[in-house]
Each structure stands twice: as structure tokens, then as C-alpha cells.
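Trainee: give me a 3D structure for the following:
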Amino acid sequence: MKTRRGVAAVEFALVLPLFIFLLLATVDYGWFFMIELATTNAVREGARAATTYPGACPNAAGQAAARSVVTTYLRQIGQDAKATTDVTCTTGAVGEPVFQVVTTVLMPQLTGYSLIPMPKTGALVRASAQVTMRGVP
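Mentor: Numbering: from 1, shown residues only. The predicted model follows:
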């Protein structure tokens with residue numbers, strides 16, 4: 001029995017690095033998906049806010065409202081400084097304004113480990129969303 005002494009410690013030492021790698025990769029993906037979902041929700045809420053301002057394009061009040069809502073939404077998760085938002089207003093088929101809100105958030109990876117490649121721009125991970133909604137003429 002003395003020859004089996006310490007086997008559990010050796011097995012633990014062999015399994016621990018793999019476990020930590022999987023744990024860190026899971027944390028990174030969870031963070032990425034949380035930011036991407038928040039970006040999608042922010043863009044949707046921004047477009048919804050823009051559509052509440054009646055008037056034909058260019059609708060500066062609607063565009064400003066969309067930017068403000070997206071920035072406020074992303075500020076709640078600390079990503080407003082890392083985001084770029086573009087709001088455009090075009091005229092639809094029946095004369096109604098059509099708002100398109102596009103937001104991109106560039107963020108560093110938390111741990112630097114990933115099993116599946118994430119969308120990147122340079123060294124930063126990119127979470128982006130785009131929404132198009134018709135407004136009130």
C-alpha cells in the first residue's frame with residue numbers, strides 16, 4: 001500500500017490545469033455573450049426610442065434619442081466608453097422614416113483563453129448589433 005501514496009495528489013496536479021483552462025474559457029465566453037446580448041438590447045431600445053419622434057427624415061431628435069438610449073443602456077454594464085453607435089434615418093416606401101441603429105462594442109478578453117474563436121478587431125473582441133425600425137411619418 002505504501003507505493004500508492006500520493007497518487008491522488010499527482011492526478012489532481014495533472015487535471016487541475018485542464019480544469020482551470022476550461023473554467024477561464026467559460027468565463028470569457030459568458031462575458032462575451034452577456035455583452036453581445038446587452039448590445040442587442042441597447043440597439044433595440046435605441047431604435048424604439050427613435051421611432052417615437054414623429055417627422056420625416058432627417059429626424060435629428062429621433063437620432064439623438066437613439067444614441068442617448070444606447071449610451072445609457074451600455075453605461076449600466078460599463079461598456080459605453082468602448083461603444084460606437086451610428087444612427088441613420090432614411091425615407092421608407094410610403095414616406096415613413098426608417099431608423100437604422102448600429103452599435104459595436106470593442107472589449108478585451110477577460111482571461112485571454114478561448115476554445116472557439118470569438119469575433120475580433122485587432123486584439124479586441126467585437127460585439128455588434130444592428131436594428132432597423134419604421135417610425136411615425
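Trainee: from now on I want contacts and neighbour counts done on CA atoms only, so please keep to that.
Mentor: Noted.
Trainee: quick one: Asp86 and Phe99 touch, right?
Mentor: No. With contact defined as Cα atoms under 8 Å, Asp86 does not reach Phe99; the gap is 10.3 Å.
Trainee: so for these two, which residue has more residues nearby?
Mentor: Using other Cα atoms under 10 Å, the more surrounded residue of Asp86 and Phe99 is Phe99, with 27 against 13.
Trainee: where does the most centrally placed residue in the chain land in three-state SS?
Mentor: Centroid check for the chain by Cα atoms, centre = their mean gives Glu36 as the closest residue, at 2.5 Å. Following DSSP: H, G, I helix; E, B strand; the rest coil, the label given to Glu36 is helix.
Trainee: ok, the one 4 residues further on next?
Mentor: In terms of secondary structure, Thr40 is helix; the call rests on three-state DSSP.
Trainee: next SSE downstream of the helix-or-strand element of the chain with minimal mean pLDDT?
Mentor: Confidence across the helices and strands of the chain bottoms out at strand 120-121, with a mean of 85, counting by mean pLDDT, DSSP states H and E. Following strand 120-121 in sequence order, the next helix or strand is strand 124-134 (DSSP states H and E).
Trainee: thanks again, I'm all set now.
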